[in-house]
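>>> here you go, sequence then predicted model.
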Amino acid sequence: MTVMREDRWVPLTREPVKVNSDTAFLKDTYKYVYGILIRNKEGLIMAACTHLNNHVANSFMVEARACEQVISFAVDLGFKNVIVEGDYLPITKKLQSSMDDNSIVNVIVKEIKAKNN
């Protein structure tokens, strides 16, 4: 699975689906909302969803949880060859690393890695 960041949608030239997502953190209420859009190589929408979630500590945790939920959504729908686009650069770096750390999101990163194996 590939996670990358782009500002505008670019059509695919191969078979995988592209998963675009965006999140918003409401720090006063410790809630966040995310939206997911899965498109095929023609740009047709294959699936979409939005969710409001409670009890999140900070924006870094939002990023990790949203990345996990984006991947779970695609996997649960049976998509195996997926390109994920969103604001997940710090999480992406942790996913690409083989080293564990003591960060607050380490458990979530491990869960994401387990889903991809």
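Perfect, I can see it now.

>>> okay, buried residues for stretch 91-102 please.
Within stretch 91-102, the residues that count as buried by 16 or more other Cβ atoms under 10 Å are 91, 92, 94, 95. For every residue, glycine as well, the C-beta is placed using N, CA and C.

>>> now swap in stretch 34-50 and tell me
For stretch 34-50, burial by neighbour count (16+ other Cβ under 10 Å) applies to 34, 36, 37, 38, 39, 47.

>>> list the beta-bridge partners for the fifth one.
This points to residue 39. Residue 39 has these beta-bridge partners by DSSP bridges: residue 18, residue 45.

>>> surely it touches residue 20?
Yes: assessed by Cβ atoms under 8 Å, residue 39 is found in contact with residue 20 at 7.3 Å.

>>> helices of the protein, start to end?
Taking DSSP state H as the test, the helices found in the chain are 59-76, 89-96, 106-115.

>>> could you dump those to a markdown table with mean pLDDT and distance to residue 82?
As requested, the helices of the chain are exported to a markdown table (pLDDT from 0 to 100; distance: least, Cβ to Cβ, whole Å):
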| stretch | mean pLDDT | distance to residue 82 |
| --- | --- | --- |
| helix 59-76 | 89 | 5 |
| helix 89-96 | 85 | 13 |
| helix 106-115 | 86 | 11 |
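
>>> pick the most buried one from those.
helix 59-76 (a mean of 20; mean count of other Cβ atoms under 10 Å).

>>> center of this structure - which residue?
Nearest to the mean C-alpha position of the chain, by Cα atoms, centre = their mean, lies residue 67 at 2.7 Å.

>>> next one: residue 81 from residue 61, what distance?
According to Cβ to Cβ, to the nearest Å, residue 81 stands 28 Å off from residue 61.

>>> swap in residue 22?
Going from residue 22 to residue 61 by Cβ to Cβ gives 16 Å.
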